[in-house]
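> Give me the fold of what follows.
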Amino acid sequence: MTIRRFLIAAPTLLAVALLVSYFWVPSYEDQVGGNPERLTRFITASSGDASMLNPILSADSASSQIGSLVFEGLVDRDEHLAFRGRIARSWRIYAQAYFYINPQGTTRRWGKTNAATLVNGLRTLTAQDDPFWHNITAVDLLPSESLRHTAAPSDNADGEPILLHVTPPPRVRLTLESVDPDLFERLEDELGAGYFDRFDPLPFVVPDGDIPQAQLATIARDILPATAYNPIIQFDLRPGVTFHDGRPVTAEDVRFTYEAIMNPSNLSPRIPDYEPVQAVEVIDPLTVRIVYNRLYSPALGTWSMGILPAHRLNAAALRQEALKRGESPETFGLRQSRFNRNPIGSGPFMFDNWKSDQYIRLKRFTDYWEGAPNYEQYVMRIIPDPLTQEMEFYAGTVDDYAVQPHQVARLRQDERFQHFSGTAFGYSYIGYNSRRPPFDDPRVRRALGMAIDADQIIEYVLYGQAERITGPFVKQTDFYNHDIQPLPYDPQGALDLLAEAGWTRGADGFLQKDGRRMAFTLITNNGNPIRRAILAIAQDAWRKIGIQVETDLLEWSVFIQRRVNQLDFDALVLGWSMGIDPDLYQIWHSSQSGPFQLNFVGFDDPEADDLILQIRREYDHDKQVAACHRLHEIIAAAQPYTFLFVGRWTALLDRRIVRRVQTPDGEIQYKPIEPTITGGYTFHFNQWIKLPQSLEDSFKF
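Residues are numbered from 1 along each chain as shown. Below you'll find the model as predicted:
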């Protein structure tokens, strides 16, 4: 189970389609009687179509749902949320740390020492009965190696590149069995406080030309940092795993996937997950080593990313495709490739067919390394209208159904269906483009939130199937700060804040400042009745306090590609589906606020940026929680979003669907579908199969 962040889309209301569907769709029994293949075909419904079936490029939920079946990552999480191997059968996480020996320095334990004495002393300490020293498995002395470095033109007064001759002192390399974020702090107990800070790299860097001394010192520190820490993950790949075209999955494919993500021309939204990677090293066809340039606690989870086939998408393959299609190879890239609509992965299902806005069809991969799925086909039908989805489910032409909030009380206990429920890993919100006035003022954003009665949205729009949320972390985790209180519903308080920001009522009853009326447009995607209701409620609430608000509903692809990705909006209603890890870099770090990036509201706070980086580098859970709570507090105070609610979901599943499991001795057993600890119920999907009649009628557990 891979849990990642995705923009959430949803359905439209088509009454005509509902009536047509209701009258002509055959019953389940008629389907099975006339077409036994229906038992081997799982059919689901999606309110929106996929954007592209390439896991490193897409960020919407429909694409992810298909991608999770077509592609396989190195790891994922099991039903208990522990990591388990997929393409990788095993892995090792360790670290290597480096520091330069200061020829002019002294140590607390050994005084002024040469390189050999220092290294031998450290090797002696590793034999101590101390967990810290036992974690250091090797101490090596790396000899000095001269090198040349070219200073960028901006680094010197003349604006010309300057060659630098670098002759560093010897360097110590420590190999650690496990990552220890406090290594250098502990080493200073032996070497002396400030030992690393006292290392001056300037004497070891000699320029060929004139560079101001201060700039040269900065360059020297960049070239010769006193210390370096490299966490490393070494994956051993599972032999016999193949892509759907029969080619083996190798370490080269892992390296290619990483390079494709980091290639700026591909505009991958996944770049922040892999930016801390220093190198991806192919040791042999089934061994790949990932070296990080700094501490990065979410590292292992990022390798749940689906691995791409290098032989289908490398430079030679793209050039050949461009020439075949009569396009320029120089401008043709991964985003233009037909692979995105006709993918090849190594997952349990193979791509079969895609008719835009109608369906995406997959077929099982019989050579899947873990064993072929029981279902022969997987079909995602694009049905924007939730009522049509409901009727199709009752008729048996769709196998599962996401219950709408107003239906929960009626359907949750319906014994005709299997039902599952839980609290979503995510939230819904109103986001403000802080690059534009009046949203560049946090007082305005807070006031806009205070003018909306979110509790009424939960009660009347969601029928109580949601709860308030105040910040960006998953509410079921301890990263969420429960001390932060939701914004109160206080229209007069909102007006007071707006007055403080300079907005007062004019003669026409609208708020104005410097002769200009407060006016903006609130947008969301078409086809989501809940978001449409929020749109109307927010518009009415803001108009009541004197704000001119227009609203617009846009088709999903237009909404995302032309408005959100291009940062062309005032305010919007959206939702995030979140992961367990508390890494918020992609959504909230200021560096991620450009076109096609996920901080599209333009949130920018230096302390928040520092905390986001600290959370990524922190391996101590308690310290990570403390940083998350402070980050939550900062974001809640700034109100770049009006955080509305986290929903509770209920899903129905055909009673005839069960798990079909074969024991090692060949016995076939049928088991009921059971949810995991997150409430999700599709973890064992490859074992699902549909019986001609319900399990209770045919078998005993």
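> quick one: contacts for residue 146?
By CB atoms under 8 Å, 6 or more residues apart in numbering, the contact set of residue 146 is 165, 166, 167. Every residue, glycine included, has its C-beta placed from N, CA and C.
> Throw the residues you listed into TSV and include secondary structure, pLDDT and neighbour count, thanks.
Formatted as TSV, the contacts of residue 146 follow (DSSP: H, G, I helix; E, B strand; the rest coil; pLDDT from 0 to 100; neighbours: other CB atoms under 10 Å):
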residue	secondary structure	pLDDT	neighbour count
165	strand	92	13
166	strand	94	18
167	coil	93	13
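> Relative to residue 223, which of those residues is nearest.
residue 166 (5.8 Å; CB to CB).
> Hmm, that closest one is touching residue 148, no?
Yes - assessed by CB atoms under 8 Å, residue 166 is found in contact with residue 148 at 7.0 Å.
> Regarding this structure, what is its longest helix?
Using DSSP state H to define each element, the chain has its longest helix at helix 621-638.
> For it, name the packing helices and strands.
helix 442-450, helix 606-617 (3 or more CB pairs under 8 Å, 6 or more residues apart in numbering; DSSP states H and E).
> out of the ones you listed, nearest to residue 90?
helix 606-617 (24.9 Å).
> Buried ones in that closest one, by neighbour count?
608, 609, 611, 612, 613, 614, 615, 616, 617 (16 or more other CB atoms under 10 Å).
> And stretch 121-128, by the same measure?
121, 122, 125, 126.
> which two from those residues end up farthest apart in space?
121 and 126 (10.2 Å).
> Low-confidence ranges, the stretch 101-250 of the chain, go.
The stretch 101-250 of the chain contains residues with pLDDT under 70 at 152-159.
> follow-up on the earlier one: quick check, nearest of the buried residues of stretch 121-128 to residue 226?
Closest to residue 226, out of all of the buried residues of stretch 121-128 and judged by CB to CB, is residue 122, at 16.3 Å.
> how far does stretch 121-129 sit from the chain's center?
From the chain centre to the centre of stretch 121-129 is a distance of 42 Å (CA atoms, centre = their mean, to the nearest Å).
> Actually, stretch 608-615.
17 Å.
> Tabulate the CA atom coordinates of it in CSV.
Output of stretch 608-615 as CSV, limited to C-alpha atoms (Å, rounded to 0.1, in the frame of the first residue of the first chain):
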residue,chain,number,x,y,z
ALA,A,608,8.3,27.3,8.5
ASP,A,609,10.9,26.6,5.8
ASP,A,610,13.5,25.8,8.5
LEU,A,611,11.0,23.5,10.3
ILE,A,612,10.1,21.7,7.1
LEU,A,613,13.7,20.9,6.5
GLN,A,614,14.3,20.0,10.2
ILE,A,615,11.4,17.5,10.0
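> what about residue 97, is that helix, strand or coil?
strand (DSSP: H, G, I helix; E, B strand; the rest coil).
> Can you report phi and psi for residue 401?
phi -150, psi 130 (degrees, to the nearest 10).
> hmm, I was thinking of residue 358
According to degrees, to the nearest 10, residue 358 has phi -120, psi -60.
> show me what contacts it?
Residue 358 neighbours (CB under 8 Å, 6+ apart): 381, 382.
> let's see 6 Å
Residue 358 makes contact with residue 382, according to CB atoms under 6 Å, 6 or more residues apart in numbering.
> Before we move on, what's the pLDDT of it?
Looking at residue 358, its pLDDT is 95.
> Mind putting the helices and strands packed on helix 621-638 into JSON lines with mean pLDDT and distance to residue 667?
Output for the helices and strands packed on helix 621-638, formatted as JSON lines (pLDDT from 0 to 100; distance: least, CB to CB, whole Å):
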{"stretch": "helix 442-450", "mean pLDDT": "98", "distance to residue 667": "58"}
{"stretch": "helix 606-617", "mean pLDDT": "95", "distance to residue 667": "47"}
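> Save these as a markdown table, and put in distance to residue 511 too.
What follows is the helices and strands packed on helix 621-638, written out as a markdown table (distance: least, CB to CB, whole Å):
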| stretch | distance to residue 511 |
| --- | --- |
| helix 442-450 | 10 |
| helix 606-617 | 29 |
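> Residue 88: which of the ones you listed is closest?
Among the helices and strands packed on helix 621-638, helix 606-617 sits nearest to residue 88 (CB to CB), with 22.0 Å.
> just checking, what packs against that closest one?
helix 621-638 (3 or more CB pairs under 6 Å, 6 or more residues apart in numbering; DSSP states H and E).
> Would you mind checking the average pLDDT for the helix it packs on?
Mean per-residue pLDDT for helix 621-638: 96.
> domains of the protein?
6-73+333-424+652-698, 85-91+233-313, 93-231, 426-649 (automatic domain parsing).
> what's the helix or strand for residue 360?
Assignment of secondary structure by DSSP states H and E places residue 360 within strand 359-364.
> Could you list every helix and strand in contact with that strand?
strand 349-355, strand 377-382.
> Run the angle between that strand and strand 377-382 for me.
Angle, strand 359-364 to strand 377-382, by axes from the mean of the first three to the mean of the last three CA atoms, to 10 degrees: 170 degrees.
> Name the residues that touch strand 359-364?
With CB under 6 Å, 6+ apart as the criterion, strand 359-364 contacts 66, 349-350, 352-354, 372-373, 376-381.
> Show me how far the helix or strand that the longest helix of the chain is followed by is from its chain's centre.
Once the chain leaves helix 621-638, the next helix or strand it forms, by DSSP H and E, is strand 641-654. Mean-position distance between strand 641-654 and its chain equals 19 Å (CA atoms, centre = their mean).
> Could you do stretch 645-660 as well?
In terms of CA atoms, centre = their mean, the centre of stretch 645-660 is found 24 Å from the chain centre.
> pLDDT averaged over it - what is it?
92.
> which residues sit against that stretch?
374, 399-403, 408, 412, 417-421, 423-424, 427-428, 458, 465-469, 475, 670-671, 684, 687-691, 694-695.
> average pLDDT across stretch 283-294?
According to the model, stretch 283-294 has a mean pLDDT of 97.
> hang on, the earlier thing: as JSON lines, the buried residues of helix 606-617 with distance to residue 180 would be great.
JSON lines is the format used below for the buried residues of helix 606-617 (distance: CB to CB, whole Å):
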{"residue": "608", "distance to residue 180": "27"}
{"residue": "609", "distance to residue 180": "25"}
{"residue": "611", "distance to residue 180": "22"}
{"residue": "612", "distance to residue 180": "22"}
{"residue": "613", "distance to residue 180": "19"}
{"residue": "614", "distance to residue 180": "17"}
{"residue": "615", "distance to residue 180": "18"}
{"residue": "616", "distance to residue 180": "17"}
{"residue": "617", "distance to residue 180": "13"}
